[in-house]
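> could you look at this predicted model? Sequence included:
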Protein chains: 2
Amino acid sequence: MHDALERSKALFIRRWGEMSGYWGINRTMAELHALLYISAEPLNTDQIMEALQISRGNASMNIRQLVNWGLVSRIHKKGDRKEYFTAQTNVWEMFETIVRERRRREVEPIIETISRCRQLVADNMSTLEDDRQQEARVYRERLDNMADFLTTINGLLNALLDSGQGGLGQVERTLVKVAR
Amino acid sequence: MHDALERSKALFIRRWGEMSGYWGINRTMAELHALLYISAEPLNTDQIMEALQISRGNASMNIRQLVNWGLVSRIHKKGDRKEYFTAQTNVWEMFETIVRERRRREVEPIIETISRCRQLVADNMSTLEDDRQQEARVYRERLDNMADFLTTINGLLNALLDSGQGGLGQVERTLVKVAR
DNA sequence: ACTCCTTTTCAGAAGTATCTGAAAGATTGT
DNA sequence: ACAATCTTTCAGATACTTCTGAAAAGGAGT
(Lines give C-alpha, C1' and ligand atoms only; values in the text may rest on other atoms or scores of the structure.)
Protein backbone atom coordinates (compact mmCIF):
# COMPACT_ATOMS: atom_id res chain seq x y z
CA MET A 1 0.00 0.00 0.00
CA HIS A 2 1.18 3.52 -0.77
CA ASP A 3 1.91 5.75 2.15
CA ALA A 4 0.08 8.93 3.14
CA LEU A 5 2.44 11.13 1.15
CA GLU A 6 1.82 9.17 -2.03
CA ARG A 7 -1.91 9.14 -1.53
CA SER A 8 -2.00 12.84 -0.81
CA LYS A 9 -0.02 13.63 -3.96
CA ALA A 10 -2.26 11.38 -6.04
CA LEU A 11 -5.31 13.18 -4.74
CA PHE A 12 -3.89 16.57 -5.60
CA ILE A 13 -2.92 15.45 -9.09
CA ARG A 14 -6.33 13.94 -9.71
CA ARG A 15 -8.16 17.06 -8.64
CA TRP A 16 -5.90 19.31 -10.67
CA GLY A 17 -6.65 17.10 -13.65
CA GLU A 18 -10.38 17.32 -13.06
CA MET A 19 -10.17 21.09 -13.15
CA SER A 20 -8.54 20.99 -16.57
CA GLY A 21 -11.83 20.98 -18.45
CA TYR A 22 -12.72 24.36 -17.04
CA TRP A 23 -9.44 25.76 -18.23
CA GLY A 24 -9.63 24.53 -21.76
CA ILE A 25 -6.56 22.32 -21.48
CA ASN A 26 -6.46 18.55 -21.52
CA ARG A 27 -6.44 16.41 -18.44
CA THR A 28 -3.01 14.86 -18.93
CA MET A 29 -1.36 18.23 -19.37
CA ALA A 30 -2.92 19.42 -16.12
CA GLU A 31 -1.90 16.27 -14.26
CA LEU A 32 1.60 16.53 -15.60
CA HIS A 33 1.80 20.09 -14.42
CA ALA A 34 0.49 19.16 -10.99
CA LEU A 35 2.99 16.32 -10.72
CA LEU A 36 5.94 18.58 -11.52
CA TYR A 37 4.63 21.36 -9.31
CA ILE A 38 4.62 19.16 -6.22
CA SER A 39 7.80 17.23 -6.93
CA ALA A 40 10.76 18.20 -4.80
CA GLU A 41 13.16 17.16 -7.57
CA PRO A 42 12.99 17.47 -11.37
CA LEU A 43 11.59 14.34 -13.04
CA ASN A 44 12.57 12.65 -16.27
CA THR A 45 10.23 11.26 -18.90
CA ASP A 46 10.31 7.72 -17.54
CA GLN A 47 9.40 8.86 -14.08
CA ILE A 48 6.53 10.92 -15.46
CA MET A 49 5.28 7.98 -17.55
CA GLU A 50 5.40 5.76 -14.50
CA ALA A 51 3.72 8.25 -12.18
CA LEU A 52 0.86 9.10 -14.49
CA GLN A 53 0.67 5.77 -16.34
CA ILE A 54 0.91 7.33 -19.77
CA SER A 55 2.83 6.49 -22.94
CA ARG A 56 6.09 8.04 -24.00
CA GLY A 57 4.51 9.90 -26.90
CA ASN A 58 1.82 11.34 -24.73
CA ALA A 59 4.36 12.47 -22.16
CA SER A 60 6.55 14.04 -24.83
CA MET A 61 3.68 15.98 -26.41
CA ASN A 62 2.29 17.35 -23.20
CA ILE A 63 5.68 18.28 -21.82
CA ARG A 64 6.30 20.24 -24.97
CA GLN A 65 3.08 22.18 -24.55
CA LEU A 66 3.88 23.02 -20.95
CA VAL A 67 7.32 24.16 -21.96
CA ASN A 68 5.72 26.31 -24.68
CA TRP A 69 3.45 27.91 -22.13
CA GLY A 70 6.53 28.63 -20.06
CA LEU A 71 5.20 26.70 -17.08
CA VAL A 72 7.81 23.95 -17.22
CA SER A 73 11.50 24.03 -17.99
CA ARG A 74 14.00 21.48 -19.19
CA ILE A 75 16.87 20.63 -16.90
CA HIS A 76 20.08 18.90 -17.89
CA LYS A 77 21.96 16.99 -15.26
CA LYS A 78 25.57 16.39 -16.04
CA GLY A 79 26.53 12.79 -16.34
CA ASP A 80 22.97 11.94 -17.31
CA ARG A 81 21.75 11.95 -20.86
CA LYS A 82 18.09 12.07 -19.86
CA GLU A 83 16.23 15.34 -19.79
CA TYR A 84 14.61 16.39 -16.55
CA PHE A 85 11.66 18.68 -16.11
CA THR A 86 10.62 21.06 -13.40
CA ALA A 87 7.65 23.39 -13.00
CA GLN A 88 7.63 27.03 -12.04
CA THR A 89 7.05 26.88 -8.30
CA ASN A 90 6.50 30.54 -7.61
CA VAL A 91 2.74 30.69 -7.74
CA TRP A 92 2.64 34.39 -8.53
CA GLU A 93 4.91 33.90 -11.53
CA MET A 94 2.83 30.95 -12.63
CA PHE A 95 -0.23 33.17 -12.49
CA GLU A 96 1.55 35.87 -14.47
CA THR A 97 2.56 33.38 -17.15
CA ILE A 98 -0.95 32.04 -17.49
CA VAL A 99 -2.62 35.45 -17.51
CA ARG A 100 -0.23 36.78 -20.15
CA GLU A 101 -0.77 33.79 -22.42
CA ARG A 102 -4.50 33.74 -22.04
CA ARG A 103 -4.85 37.45 -22.54
CA ARG A 104 -2.85 37.21 -25.72
CA ARG A 105 -4.82 34.23 -27.00
CA GLU A 106 -8.29 35.23 -25.87
CA VAL A 107 -8.89 38.82 -24.89
CA GLU A 108 -6.93 40.50 -27.64
CA PRO A 109 -8.38 38.56 -30.60
CA ILE A 110 -11.92 39.16 -29.48
CA ILE A 111 -11.35 42.90 -29.01
CA GLU A 112 -9.90 42.97 -32.49
CA THR A 113 -12.87 41.12 -33.95
CA ILE A 114 -15.39 43.37 -32.25
CA SER A 115 -13.66 46.37 -33.70
CA ARG A 116 -13.89 44.86 -37.18
CA CYS A 117 -17.55 44.00 -36.68
CA ARG A 118 -18.31 47.53 -35.64
CA GLN A 119 -16.50 48.95 -38.64
CA LEU A 120 -18.34 46.68 -41.01
CA VAL A 121 -21.71 47.90 -39.80
CA ALA A 122 -20.78 51.54 -39.35
CA ASP A 123 -19.54 51.70 -42.95
CA ASN A 124 -22.78 50.32 -44.29
CA MET A 125 -25.50 51.87 -42.18
CA SER A 126 -26.79 53.94 -45.08
CA THR A 127 -27.38 50.89 -47.27
CA LEU A 128 -29.87 49.43 -44.79
CA GLU A 129 -33.66 49.76 -44.65
CA ASP A 130 -35.04 51.93 -41.87
CA ASP A 131 -36.06 49.12 -39.53
CA ARG A 132 -32.75 47.38 -40.03
CA GLN A 133 -30.95 50.59 -39.17
CA GLN A 134 -32.68 50.47 -35.81
CA GLU A 135 -31.56 46.87 -35.39
CA ALA A 136 -28.03 47.87 -36.34
CA ARG A 137 -28.00 50.61 -33.73
CA VAL A 138 -28.90 48.12 -31.00
CA TYR A 139 -26.25 45.73 -32.29
CA ARG A 140 -23.61 48.45 -32.33
CA GLU A 141 -24.42 49.39 -28.78
CA ARG A 142 -24.02 45.78 -27.67
CA LEU A 143 -20.67 45.57 -29.42
CA ASP A 144 -19.52 48.79 -27.83
CA ASN A 145 -20.53 47.66 -24.36
CA MET A 146 -18.61 44.44 -24.79
CA ALA A 147 -15.56 46.17 -26.23
CA ASP A 148 -15.50 48.72 -23.40
CA PHE A 149 -15.72 46.00 -20.85
CA LEU A 150 -12.98 43.89 -22.39
CA THR A 151 -10.74 46.90 -22.79
CA THR A 152 -11.18 47.67 -19.12
CA ILE A 153 -10.38 44.08 -18.17
CA ASN A 154 -7.35 44.15 -20.42
CA GLY A 155 -6.11 47.33 -18.78
CA LEU A 156 -6.75 45.87 -15.38
CA LEU A 157 -4.74 42.78 -16.17
CA ASN A 158 -1.92 44.93 -17.48
CA ALA A 159 -1.90 46.95 -14.31
CA LEU A 160 -2.08 43.81 -12.20
CA LEU A 161 0.86 42.23 -13.98
CA ASP A 162 2.90 45.41 -13.80
CA SER A 163 2.26 45.82 -10.11
CA GLY A 164 3.94 42.51 -9.34
CA GLN A 165 3.21 40.26 -6.44
CA GLY A 166 2.16 43.08 -4.15
CA GLY A 167 -0.59 44.04 -6.54
CA LEU A 168 -3.05 41.40 -5.50
CA GLY A 169 -3.14 42.39 -1.85
CA GLN A 170 -3.30 46.04 -2.77
CA VAL A 171 -6.27 45.43 -5.05
CA GLU A 172 -8.12 43.54 -2.41
CA ARG A 173 -7.68 46.29 0.14
CA THR A 174 -8.94 48.87 -2.34
CA LEU A 175 -11.98 46.83 -3.17
CA VAL A 176 -12.90 46.27 0.42
CA LYS A 177 -12.87 50.03 0.86
CA VAL A 178 -14.99 50.61 -2.25
CA ALA A 179 -17.49 47.99 -1.20
CA ARG A 180 -18.16 49.74 2.14
CA MET B 1 -26.00 37.82 -50.56
CA HIS B 2 -26.37 38.78 -46.93
CA ASP B 3 -26.00 42.40 -46.07
CA ALA B 4 -23.28 44.01 -43.96
CA LEU B 5 -25.28 43.68 -40.75
CA GLU B 6 -25.75 39.95 -41.25
CA ARG B 7 -22.12 39.42 -42.13
CA SER B 8 -20.96 41.40 -39.15
CA LYS B 9 -23.18 39.42 -36.80
CA ALA B 10 -22.00 36.15 -38.28
CA LEU B 11 -18.40 37.18 -37.73
CA PHE B 12 -19.02 38.06 -34.12
CA ILE B 13 -20.84 34.78 -33.48
CA ARG B 14 -18.10 32.77 -35.13
CA ARG B 15 -15.35 34.40 -33.11
CA TRP B 16 -17.27 34.02 -29.88
CA GLY B 17 -17.65 30.34 -30.72
CA GLU B 18 -13.95 29.96 -31.39
CA MET B 19 -13.18 31.33 -27.97
CA SER B 20 -15.33 28.69 -26.33
CA GLY B 21 -12.54 26.14 -26.10
CA TYR B 22 -10.55 28.40 -23.85
CA TRP B 23 -13.49 28.74 -21.54
CA GLY B 24 -14.28 25.09 -21.14
CA ILE B 25 -17.71 25.34 -22.73
CA ASN B 26 -18.81 23.94 -26.07
CA ARG B 27 -18.85 25.88 -29.27
CA THR B 28 -22.58 25.78 -29.87
CA MET B 29 -23.36 27.07 -26.41
CA ALA B 30 -21.02 30.00 -26.97
CA GLU B 31 -22.47 30.75 -30.41
CA LEU B 32 -25.96 30.58 -29.03
CA HIS B 33 -25.01 33.00 -26.32
CA ALA B 34 -23.42 35.38 -28.81
CA LEU B 35 -26.50 35.22 -31.03
CA LEU B 36 -28.83 36.12 -28.20
CA TYR B 37 -26.48 38.77 -26.87
CA ILE B 38 -26.53 40.71 -30.13
CA SER B 39 -30.18 40.19 -31.02
CA ALA B 40 -32.35 43.23 -30.56
CA GLU B 41 -35.38 41.02 -29.92
CA PRO B 42 -35.79 37.69 -28.07
CA LEU B 43 -35.58 34.69 -30.39
CA ASN B 44 -37.51 31.44 -30.38
CA THR B 45 -36.10 27.96 -30.91
CA ASP B 46 -36.85 27.88 -34.63
CA GLN B 47 -35.11 31.16 -35.21
CA ILE B 48 -32.08 29.92 -33.29
CA MET B 49 -32.01 26.64 -35.23
CA GLU B 50 -32.18 28.57 -38.47
CA ALA B 51 -29.54 31.13 -37.50
CA LEU B 52 -26.98 28.61 -36.24
CA GLN B 53 -28.00 25.70 -38.47
CA ILE B 54 -28.41 23.26 -35.61
CA SER B 55 -31.00 20.65 -34.71
CA ARG B 56 -33.89 21.15 -32.35
CA GLY B 57 -32.42 18.83 -29.73
CA ASN B 58 -29.11 20.58 -29.79
CA ALA B 59 -30.77 23.97 -29.43
CA SER B 60 -32.90 22.76 -26.54
CA MET B 61 -29.96 21.29 -24.62
CA ASN B 62 -27.73 24.30 -24.99
CA ILE B 63 -30.46 26.77 -24.17
CA ARG B 64 -31.10 24.85 -21.00
CA GLN B 65 -27.45 25.09 -19.99
CA LEU B 66 -27.36 28.82 -20.61
CA VAL B 67 -30.53 29.27 -18.58
CA ASN B 68 -28.90 27.21 -15.82
CA TRP B 69 -25.88 29.46 -15.83
CA GLY B 70 -28.27 32.39 -15.52
CA LEU B 71 -26.99 33.98 -18.73
CA VAL B 72 -30.20 33.54 -20.69
CA SER B 73 -33.84 33.84 -19.67
CA ARG B 74 -37.07 32.49 -21.05
CA ILE B 75 -39.63 34.98 -22.29
CA HIS B 76 -43.28 34.30 -22.89
CA LYS B 77 -45.11 36.44 -25.39
CA LYS B 78 -48.84 36.46 -24.98
CA GLY B 79 -50.72 35.13 -27.94
CA ASP B 80 -47.73 33.00 -28.89
CA ARG B 81 -47.16 29.53 -27.59
CA LYS B 82 -43.51 29.50 -28.49
CA GLU B 83 -40.88 30.26 -25.89
CA TYR B 84 -38.50 33.11 -26.59
CA PHE B 85 -35.03 33.58 -25.22
CA THR B 86 -32.97 36.59 -24.42
CA ALA B 87 -29.48 37.03 -22.99
CA GLN B 88 -28.33 39.21 -20.15
CA THR B 89 -27.18 42.33 -21.98
CA ASN B 90 -25.59 44.17 -19.08
CA VAL B 91 -21.99 43.11 -19.53
CA TRP B 92 -21.04 43.74 -15.93
CA GLU B 93 -23.88 41.50 -14.71
CA MET B 94 -22.84 38.88 -17.23
CA PHE B 95 -19.34 39.02 -15.82
CA GLU B 96 -20.67 38.72 -12.28
CA THR B 97 -22.75 35.68 -13.21
CA ILE B 98 -19.83 33.94 -14.85
CA VAL B 99 -17.35 34.73 -12.10
CA ARG B 100 -19.71 33.53 -9.39
CA GLU B 101 -20.39 30.26 -11.18
CA ARG B 102 -16.78 29.56 -12.01
CA ARG B 103 -15.55 30.41 -8.57
CA ARG B 104 -18.06 28.03 -7.10
CA ARG B 105 -17.20 25.25 -9.54
CA GLU B 106 -13.44 25.71 -9.72
CA VAL B 107 -11.76 27.75 -7.05
CA GLU B 108 -13.64 26.44 -4.08
CA PRO B 109 -13.27 22.70 -4.80
CA ILE B 110 -9.55 23.00 -5.35
CA ILE B 111 -9.04 24.96 -2.13
CA GLU B 112 -10.99 22.25 -0.34
CA THR B 113 -8.88 19.49 -1.89
CA ILE B 114 -5.61 21.18 -1.03
CA SER B 115 -6.70 21.47 2.54
CA ARG B 116 -7.46 17.74 2.63
CA CYS B 117 -4.12 16.91 1.02
CA ARG B 118 -2.30 18.97 3.58
CA GLN B 119 -4.16 17.30 6.43
CA LEU B 120 -3.40 13.84 5.10
CA VAL B 121 0.33 14.52 5.09
CA ALA B 122 0.47 16.52 8.30
CA ASP B 123 -1.26 13.70 10.19
CA ASN B 124 1.24 11.13 8.96
CA MET B 125 4.59 12.90 9.01
CA SER B 126 5.87 10.75 11.85
CA THR B 127 5.26 7.49 9.98
CA LEU B 128 7.65 8.51 7.19
CA GLU B 129 11.36 7.77 6.77
CA ASP B 130 13.71 10.71 7.29
CA ASP B 131 14.32 11.47 3.63
CA ARG B 132 10.64 11.23 2.84
CA GLN B 133 9.94 13.67 5.66
CA GLN B 134 12.10 16.16 3.82
CA GLU B 135 10.16 15.48 0.64
CA ALA B 136 6.91 15.91 2.54
CA ARG B 137 8.05 19.27 3.86
CA VAL B 138 8.68 20.55 0.34
CA TYR B 139 5.34 19.19 -0.76
CA ARG B 140 3.52 20.87 2.11
CA GLU B 141 5.12 24.17 1.32
CA ARG B 142 3.99 23.93 -2.30
CA LEU B 143 0.47 23.15 -1.18
CA ASP B 144 0.49 26.07 1.21
CA ASN B 145 1.71 28.49 -1.42
CA MET B 146 -1.02 27.40 -3.78
CA ALA B 147 -3.70 27.55 -1.11
CA ASP B 148 -2.61 31.02 -0.01
CA PHE B 149 -2.68 32.25 -3.56
CA LEU B 150 -6.10 30.80 -4.31
CA THR B 151 -7.51 32.15 -1.07
CA THR B 152 -6.27 35.60 -2.01
CA ILE B 153 -7.83 35.33 -5.46
CA ASN B 154 -11.05 34.13 -3.93
CA GLY B 155 -11.12 37.11 -1.58
CA LEU B 156 -10.30 39.44 -4.42
CA LEU B 157 -13.17 38.11 -6.49
CA ASN B 158 -15.50 38.50 -3.52
CA ALA B 159 -14.45 42.07 -3.06
CA LEU B 160 -14.73 42.75 -6.77
CA LEU B 161 -18.24 41.35 -6.95
CA ASP B 162 -19.32 43.22 -3.82
CA SER B 163 -17.97 46.49 -5.13
CA GLY B 164 -20.30 46.39 -8.12
CA GLN B 165 -19.70 47.93 -11.49
CA GLY B 166 -17.55 50.75 -10.10
CA GLY B 167 -15.10 48.22 -8.70
CA LEU B 168 -13.28 47.54 -11.92
CA GLY B 169 -12.30 51.12 -12.58
CA GLN B 170 -11.35 51.61 -8.97
CA VAL B 171 -9.10 48.57 -9.07
CA GLU B 172 -7.38 49.74 -12.17
CA ARG B 173 -6.63 53.15 -10.71
CA THR B 174 -5.21 51.54 -7.60
CA LEU B 175 -3.00 49.25 -9.58
CA VAL B 176 -1.65 52.01 -11.75
CA LYS B 177 -0.62 53.79 -8.58
CA VAL B 178 1.02 50.69 -7.13
CA ALA B 179 2.91 50.01 -10.31
CA ARG B 180 4.53 53.44 -10.26
C1' DA C 1 31.33 6.05 -38.80
C1' DC C 2 29.17 3.28 -35.70
C1' DT C 3 26.72 2.21 -31.39
C1' DC C 4 23.86 3.29 -27.80
C1' DC C 5 20.58 5.87 -25.57
C1' DT C 6 17.12 9.32 -25.73
C1' DT C 7 13.50 12.23 -27.67
C1' DT C 8 10.16 13.32 -31.22
C1' DT C 9 6.80 12.35 -34.50
C1' DC C 10 2.70 10.59 -36.35
C1' DA C 11 -0.64 7.03 -38.29
C1' DG C 12 -4.01 4.58 -36.55
C1' DA C 13 -6.68 3.09 -32.24
C1' DA C 14 -9.31 4.34 -28.44
C1' DG C 15 -11.95 7.33 -25.99
C1' DT C 16 -15.06 11.61 -25.44
C1' DA C 17 -18.06 15.00 -26.60
C1' DT C 18 -21.47 16.71 -29.35
C1' DC C 19 -25.28 16.46 -32.55
C1' DT C 20 -29.37 14.66 -34.84
C1' DG C 21 -33.98 13.25 -35.38
C1' DA C 22 -37.72 10.92 -33.98
C1' DA C 23 -40.54 9.66 -30.14
C1' DA C 24 -42.39 10.89 -25.76
C1' DG C 25 -43.98 14.50 -22.85
C1' DA C 26 -46.16 19.09 -21.91
C1' DT C 27 -49.34 22.57 -22.49
C1' DT C 28 -53.01 25.20 -24.46
C1' DG C 29 -57.32 25.86 -26.80
C1' DT C 30 -61.75 23.87 -28.43
C1' DA D 1 -61.25 14.31 -24.25
C1' DC D 2 -59.02 15.42 -28.21
C1' DA D 3 -56.17 17.85 -31.46
C1' DA D 4 -52.72 21.02 -32.31
C1' DT D 5 -48.49 22.95 -31.19
C1' DC D 6 -44.39 23.29 -28.84
C1' DT D 7 -40.49 21.31 -25.78
C1' DT D 8 -37.62 17.78 -23.94
C1' DT D 9 -35.28 13.59 -24.00
C1' DC D 10 -32.14 10.19 -25.46
C1' DA D 11 -30.25 6.23 -28.39
C1' DG D 12 -27.44 6.00 -31.95
C1' DA D 13 -24.52 8.50 -35.45
C1' DT D 14 -20.96 11.67 -36.22
C1' DA D 15 -17.19 14.42 -35.31
C1' DC D 16 -13.39 15.61 -32.54
C1' DT D 17 -9.64 14.87 -29.16
C1' DT D 18 -6.35 12.36 -27.03
C1' DC D 19 -3.37 8.40 -26.60
C1' DT D 20 -0.34 4.62 -27.93
C1' DG D 21 3.56 2.43 -29.76
C1' DA D 22 6.73 1.81 -33.13
C1' DA D 23 9.65 4.03 -36.39
C1' DA D 24 12.47 7.94 -37.37
C1' DA D 25 15.38 11.46 -35.89
C1' DG D 26 18.78 13.45 -32.78
C1' DG D 27 23.03 13.49 -30.47
C1' DA D 28 26.91 11.98 -27.29
C1' DG D 29 30.76 8.95 -26.73
C1' DT D 30 34.28 5.83 -28.75
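That came in fine, so what should we check first?
> and the spatially most central residue of chain A, how far is that from A:Ala122?
Centroid-nearest residue in chain A, with Cα atoms, centre = their mean: A:Ile98, separated by 3.9 Å. Distance, A:Ile98 to A:Ala122, by Cβ to Cβ, to the nearest Å: 35 Å. For every residue, glycine as well, the C-beta is placed using N, CA and C.
> neighbours around A:Met42, how many?
Careful, residue A:42 is Pro and not Met. By the criterion of other Cβ atoms under 10 Å in any protein chain shown, A:Pro42 has 18 neighbours.
> where does the residue nearest to it when sequence neighbours are not counted land in three-state SS?
Nearest residue to A:Pro42, sequence neighbours excluded (Cβ to Cβ, 6 or more residues apart in numbering or on different chains): A:Tyr84, at 3.6 Å. Following DSSP: H, G, I helix; E, B strand; the rest coil, we place A:Tyr84 in the strand state.
> show me what contacts A:Tyr84?
With contacts defined as Cβ atoms under 8 Å, 6 or more residues apart in numbering or on different chains, A:Tyr84 is in contact with A:Pro42, A:Leu43, A:Asn44, A:Arg74, A:Ile75, A:His76, A:Lys77.
> my guess is the first one contacts A:Thr89. True?
Read that as A:Pro42. No. Applying Cβ atoms under 8 Å, one finds A:Pro42 not in contact with A:Thr89, separated by 11.2 Å.
> low-confidence bits of chain A, can you list those?
For chain A, the stretches with pLDDT under 70 are A:178-180.
> state the distance from the residue nearest to the centre of chain A to B:Val72.
In terms of Cβ to Cβ, A:Ile98 sits 29 Å off from B:Val72.
> burial count for the nearest residue to A:Trp16 once chain neighbours are set aside?
Nearest residue to A:Trp16, sequence neighbours excluded (Cβ to Cβ, 6+ apart): A:Ala34, at 3.6 Å. For A:Ala34, the count of nearby residues is 22 (other Cβ under 10 Å).
> separation between A:Ile114 and DNA strand D?
Per Cβ to the nearest atom of the strand, to the nearest Å, A:Ile114 is found 23 Å from DNA strand D.
> which helix or strand contains that residue?
helix A:108-122 (DSSP states H and E).
> so stretch A:84-100, near DNA strand D or not?
No. Stretch A:84-100 stays clear of DNA strand D (Cβ under 7 Å from any atom of the strand), getting no nearer than 14.6 Å.
> tell me the SS of the residue in chain A that DNA strand D sits nearest to?
Residue of chain A nearest DNA strand D, by Cβ to the nearest atom of the strand: A:Gly57 (1.9 Å). Recorded secondary structure, A:Gly57: helix (three-state DSSP).
> number of residues surrounding it?
A:Gly57: 9 surrounding residues under other Cβ under 10 Å.
> show me where chain A has helices.
Using DSSP state H, the helices of chain A run over A:4-23, A:27-38, A:45-52, A:56-69, A:91-102, A:108-122, A:130-162, A:166-179.
> just to revisit the earlier point, which residues does the residue nearest to A:Pro42 bridge with?
On the basis of DSSP bridges, A:Tyr84 is bridged to A:Asn44, A:Ile75.
> tell me the spacing between the residue lying closest to A:Arg118 once chain neighbours are set aside and B:Ala159.
Nearest residue to A:Arg118, sequence neighbours excluded (Cβ to Cβ, 6+ apart): A:Leu143, at 5.1 Å. The gap separating A:Leu143 from B:Ala159 is 29 Å, by Cβ to Cβ.
> ok, A:Ile98 next?
A:Ile98 is 21 Å from B:Ala159, by Cβ to Cβ.
> over to A:Arg64?
Distance, A:Arg64 to B:Ala159, by Cβ to Cβ: 38 Å.
> what of A:Ser60?
As judged by Cβ to Cβ, A:Ser60 and B:Ala159 stand 43 Å apart.
> those two - which one has more neighbours?
Legend: neighbour count by other Cβ under 10 Å for A:Ser60 and B:Ala159, higher for B:Ala159 (20 against 13).
> how about the nearest residue to that one once chain neighbours are set aside, what does it touch?
Spatial nearest neighbour of B:Ala159, excluding adjacent residues (Cβ to Cβ, 6+ apart): A:Leu175 at 3.3 Å. Neighbour list for A:Leu175: B:Leu156, B:Ala159, B:Leu160, B:Asp162, B:Ser163, B:Gly167, B:Gln170, B:Val171 [criterion: Cβ under 8 Å, 6+ apart].
> kindly report the same for A:Ile75.
By Cβ under 8 Å, 6+ apart, A:Ile75 lies in contact with A:Pro42, A:Glu83, A:Tyr84, A:Phe85, A:Thr86.
> where does chain A come near DNA strand D, residue by residue?
So far as Cβ under 7 Å from any atom of the strand goes, chain A lies against DNA strand D at A:Asn26, A:Arg27, A:Thr28, A:Gln53, A:Ile54, A:Ser55, A:Arg56, A:Gly57, A:Asn58, A:Met61, A:Asn62, A:Arg81.
> out of these, which is nearest to A:Glu93?
Closest approach to A:Glu93 among the residues of chain A next to DNA strand D (Cβ to Cβ): A:Asn62, at 20.6 Å.
> how about the closest one: what's its closest non-neighbour residue?
With Cβ to Cβ, 6+ apart as the criterion, A:Asn62 has its nearest non-adjacent residue at 4.6 Å, and that residue is A:Met29.
> repeat that for A:Ile48.
A:Ala59 (5.1 Å).
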